[in-house]
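Undergrad: sequence below, structure please.
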Amino acid sequence: MTEHPSPWRNPVMWLVFVLPGIAIVAGVGLVIVASRSGGSDAIPDQVRRTAQVQVADLAPDAVAQREKLSAVMRIDAERDLVEVLPVSGRFMRDETLRLTLAHPARADEDRELLLQPTETGWRAEAAIDTGHDWNLRLAAADGRWRLQGRLARGELAAHLHPALQDDAAGR
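TA: Residues are numbered from 1 along each chain as shown. The predicted structure follows:
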């Protein structure tokens, strides 16, 4: 009688089973990572979705544009302070402001600070990691206006401005 060699001694037979097995394990891993990462929106605004179109409320941006509001946000890393200084427009100098620092990729690292009025602007105690970029949003406590900006990696200050452009500047 002739003995048939075992099919497991053939390397091609291993590939037939191992490659699909690796693909299945990798696919399950990707599904787990994707489901744990949270929302995929880079902008944390509340939006309304209608017929596959996202609609965000731009009224606070329009108020900031009409009032010609702008400010500078600066970080004092030595004293762990964040300051906002008004540049233009009429700010209510006695109100608390809300500064949101949104991580561009990981929502779990987002920060929200309540800034208290000072003689020159607004301030909060906070240590900010400048090792990556931040998307910035400054708003009145009641949300009636908002400014936006971007703090680049390694920088200690950023300009905050309305999201909407003036018609004359946009042309």
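Undergrad: C-alpha from now on. contacts and neighbour counts both.
TA: Noted.
Undergrad: now the helices: where do they sit in this structure?
TA: Using DSSP state H, the helices found in the chain span residues 11-36, 59-66, 167-170.
Undergrad: mind checking which of those helices is nearest Leu151?
TA: With C-alpha to C-alpha, the closest approach to Leu151 among these belongs to helix 59-66: 19.1 Å.
Undergrad: what helices or strands is the closest one leaning on?
TA: strand 146-151 (3 or more C-alpha pairs under 8 Å, 6 or more residues apart in numbering; DSSP states H and E).
Undergrad: on that earlier part again, turn the helices of the chain into a markdown table, columns for mean neighbour count.
TA: Output for these, formatted as a markdown table (neighbours: other C-alpha atoms under 10 Å):
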| stretch | mean neighbour count |
| --- | --- |
| helix 11-36 | 11 |
| helix 59-66 | 18 |
| helix 167-170 | 6 |
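Undergrad: Asp142 is nearest to which of these?
TA: Asp142 lies closest to helix 59-66 among these, at 10.2 Å (C-alpha to C-alpha).
Undergrad: which sections of the protein are below the confidence cut-off?
TA: Within the chain, the stretches with pLDDT under 70 are 1-2, 37-56, 166-171.
Undergrad: any idea which residue sits dead centre in it?
TA: Geometric centre of the chain, nearest residue: Ala102, 3.3 Å, by C-alpha atoms, centre = their mean.
Undergrad: so can I have CSV of the helices of the chain showing distance to Ala139?
TA: CSV is the format used below for these (distance: least, C-alpha to C-alpha, whole Å):
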stretch, distance to Ala139
helix 11-36, 30
helix 59-66, 8
helix 167-170, 23
